[in-house]
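Asker: Below are the sequence and a predicted model; questions follow.
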Amino acid sequence: MWYNEDMKSTPLAIPSILLGKLMRGILVVSSKNSGTALPGRVVELIDKKFLVRMFSKMKYGVLVVSGTNGKTTTTHIIAKLLEAQGLRVFTNRSGSNFTRGVISELVRWSSVFGNPRADIAVLELDEAYGVHFCKVVKPNYTVLLNVTRDQLDRFGEIDYTAKLLEKIAKSTQDSLILNREDPHIYRIKDKVKNSINISFFGLNPELRDTFRNDNELHSEEIITAYEEDRTPVTWDAMQSYKPNNCVILEDFENSSALYTINSHKFACNVAISGLHNVFNSAAAIAAVRAVMKSDIKGAELMSALANISSPFGRGETIEVNGRKVELVLVKNPAGFRLAMLSFEENATYSMVVINDEYADGRDTSWLWDVDFTKLNEKHGKSKGVKVVSGNRAYDMALRLIYSDIIVDEIEPDIEIATKSFINNYGGNTSVRKIYCTYTAMLKIRQILTNKRGLDI
């Protein structure tokens with residue numbers, strides 16, 4: 001194992017847990033805040049081995065999920081699927097993947113005697129911070145999803161992001177689960193030690209045009225990474241290519257998906273909205289197979305997948321006085337493209353909210369790489385974008401106008417814009433989608449759940 005036995009009996013174990021719980025309790029009572037980071041920061045300062053020691057007590061260790069798109073949802077699906085297999089799962093539901101944030105969650109999750117009450121930790125890790133986290137905690141399992149151009153002010157070019165993910169992969173102790181369709185991710189298989197178990201998730205080649213990787217967004221060519229290895233690329237030939245370590249999304253129609261798992265086909269209605277999530281589910285299935293190995297229960301796996309709802313703010317649907325609003329997080333061209341491909345056939349009304357706070361990425365130039373023509377297709381009575389908002393509302397509107405997208409209303413104030421969108425566009429049976437950056441999503445969710453300022 002990657003930890004020392006003496007870490008289990010550190011004298012500071014119980015005092016640090018008690019101090020963390022006390023501080024969290026004070027924060028909750030005094031400020032109505034769960035104290036995501038502060039209790040963890042204090043415990044981190046006084047008990048350097050806390051995180052490693054707590055994870056060492058979990059039977060299956062630590063599974064991390066990283067990549068540009070889909071981390072939160074894939075982490076959520078993996079956790080739910082492992083719970084369906086009978087495991088107790090600890091995960092960073094607060095969304096914090098800094099060490100202190102994870103420690104704070106562990107403090108809340110654990111008993112006063114230092115028992116983590118979990119069999120496995122499933123953690124979402126930001127590409128950049130994941131490198132620092134994995135210097136402290138060596139994951140047993142790692143899932144790498146994709147690499148796309150995202151937050152250029154933080155990550156720079158795509159090769160740099162790929163290098164960060166490679167470092168996370170190299171810290172993995174047991175199993176590595178890779179996206180076979182992303183060239184940057186697929187090549188990582190050659191960078192890790194031979195003792196690592198490598199498995200893949202991928203696509204029927206007929207679906208490659210829908211789920212394009214970053215290299216293919218502005219090209220007519222479909223680039224298949226495994227051609228470099230002279231691997232068969234036709235679907236019939238692919239059936240015999242490493243069938244024991246691949247999960248393949250074979251086909252889909254709306255939320256109905258067909259997966260090939262270990263040469264057996266399984267159909268499932270994926271409850272989480274969004275076209276991209278039928279592929280994220282393939283990644284999650286591959287991760288659960290790596291953890292459970294021969295103990296996996298296939299029927300329970302598919303049944304659980306069919307009942308998993310959207311996580312916080314990711315395709316989440318919120319009802320306000322009978323009118324449903326779906327929040328769709330967007331932050332780069334690849335993600336925005338797939339989000340727009342998830343339109344329903346009936347009347348769909350669209351709103352776009354773009355902020356440029358630090359958590360969103362200051363550089364919004366990526367919007368010029370998005371093909372917005374899908375928004376001009378008519379769905380029922382709806383066409384174009386009804387409302388544009390956020391502190392970059394006028395920039396977003398200009399971008400849409402350059403693509404000849406109809407924009408009905410520009411309102412930088414998010415609360416006023418949200419009220420107008422719900423009141424003035426569509427009826428009770430209409431589908432309303434709000435495409436929003438991260439801080440905008442938090443603001444809109446607060447408005448919708450509190451119904452503050454909404455007179456409907």
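Answerer: Now that the structure is in, tell me what you want to look at.
Asker: okay, and for the stretch 301-450 of the chain, where does confidence drop off?
Answerer: Residues of the stretch 301-450 of the chain meeting the criterion pLDDT under 70: 311-315, 342-347, 378-381.
Asker: For it, which segments count as strands?
Answerer: 316-320, 323-329, 348-353, 385-389, 407-410, 431-436 (DSSP state E, counting those that start in this stretch).
Asker: Looking at those, which is nearest to Cys246?
Answerer: For the strands of the stretch 301-450 of the chain, proximity to Cys246 was assessed by C-beta to C-beta; strand 323-329 is nearest, at 28.5 Å. For every residue, glycine as well, the C-beta is placed using N, CA and C.
Asker: Now do the buried residues in that closest one.
Answerer: Applying a neighbour-count criterion of 16 or more other C-beta atoms under 10 Å, one finds Arg323, Val325, Glu326, Leu327, Val328, Leu329 buried in strand 323-329.
Asker: now for that strand, which elements pack on it?
Answerer: Applying 3 or more C-beta pairs under 8 Å, 6 or more residues apart in numbering; DSSP states H and E, one finds that strand 323-329 contacts strand 316-320, strand 431-436, helix 438-450.
Asker: any idea how far that strand is from the chain center?
Answerer: Remark: strand 323-329 is offset 17 Å from the chain centroid, using C-alpha atoms, centre = their mean, to the nearest Å.
Asker: hmm, who's touching it?
Answerer: The list of residues contacting strand 323-329 from outside it, by C-beta atoms under 8 Å, 6 or more residues apart in numbering, reads 273-274, 313-319, 335, 339, 342, 422, 426, 428, 430-438, 441, 444-445, 448, 456.
Asker: Mark which of these are buried, thanks.
Answerer: 273-274, 313-316, 318, 335, 339, 342, 422, 426, 430-438, 441, 444-445, 448.
Asker: Okay, and the residue nearest to Asp159 when sequence neighbours are not counted sits in which element?
Answerer: Once flanking residues are discounted, Asp159 sits nearest to His184: 7.7 Å by C-beta to C-beta, 6 or more residues apart in numbering. Using DSSP states H and E, His184 sits in helix 183-186.
Asker: try Ile285
Answerer: helix 276-292.
Asker: Over to Ile177?
Answerer: Using DSSP H and E, Ile177 sits in strand 175-179.
Asker: Quick one: distance of that strand to the chain centre.
Answerer: Centre to centre, stretch against its chain (C-alpha atoms, centre = their mean), the figure for strand 175-179 is 16 Å.
Asker: Identify the neighbouring strands of it in the sheet and state each direction.
Answerer: strand 141-144 (parallel), strand 197-203 (parallel) (DSSP bridges).
Asker: Let me know which of those strands is tucked in deepest.
Answerer: Comparing these by mean neighbour count (mean count of other C-beta atoms under 10 Å), strand 141-144 comes out on top with a mean of 28.
Asker: Skipping adjacent residues, who's closest to Met302 in space?
Answerer: If the residues on either side of it in the chain are set aside, Met302 comes closest to Cys268, at 4.8 Å by C-beta to C-beta, 6+ apart.
Asker: Same question for Phe252.
Answerer: Leaving aside its sequence neighbours, Phe252 sits nearest to Val278 (C-beta to C-beta, 6+ apart; 4.8 Å).
Asker: Ser403: neighbour count?
Answerer: The local packing of Ser403 (other C-beta atoms under 10 Å) involves 13 other residues.
Asker: what's near enough to touch it?
Answerer: Asp371, Phe372, Thr373, Asn376.
Asker: could you measure it against Val143, distance?
Answerer: 35 Å (C-beta to C-beta, to the nearest Å).
Asker: hmm, back to that, give the buried residues for the helix holding Ile285.
Answerer: Of the residues in helix 276-292, 276-292 count as buried by neighbour count, 16+ other C-beta under 10 Å.
Asker: cool, stretch 174-192 as well?
Answerer: Going by neighbour count (16+ other C-beta under 10 Å), the buried part of stretch 174-192 is 174-189, 192.
Asker: next one: it to chain centre, how far?
Answerer: Mean-position distance between stretch 174-192 and its chain equals 18 Å (C-alpha atoms, centre = their mean).
Asker: same thing with stretch 410-425?
Answerer: With C-alpha atoms, centre = their mean, you get 27 Å for stretch 410-425.
Asker: now do stretch 421-433
Answerer: Chain-centre distance of stretch 421-433: 27 Å, with C-alpha atoms, centre = their mean.
Asker: What is the end-to-end distance of it?
Answerer: 10 Å (C-alpha to C-alpha, to the nearest Å).
Asker: give the contact list for Glu166.
Answerer: Ile188, Lys191.
Asker: Just want the angle from the helix or strand harbouring it to strand 197-203.
Answerer: Element membership for Glu166, per DSSP H and E: helix 158-170. Interaxial angle, helix 158-170 versus strand 197-203 (axes from the mean of the first three to the mean of the last three C-alpha atoms, to 10 degrees): 140 degrees.
Asker: Which positions in helix 158-170 come out as buried?
Answerer: Neighbour-count burial for helix 158-170, counted by 16+ other C-beta under 10 Å, picks out Ile158, Thr161, Ala162, Leu164, Leu165, Glu166, Lys167, Ile168, Ala169, Lys170.
Asker: Is His264 bridged to anything, and to what?
Answerer: With beta bridges defined as DSSP bridges, His264 has these partners: Ile261.
Asker: Sorry, slip of the keys, the one I care about is Val62.
Answerer: Counting by DSSP bridges, Val62 forms beta bridges with Ala121.
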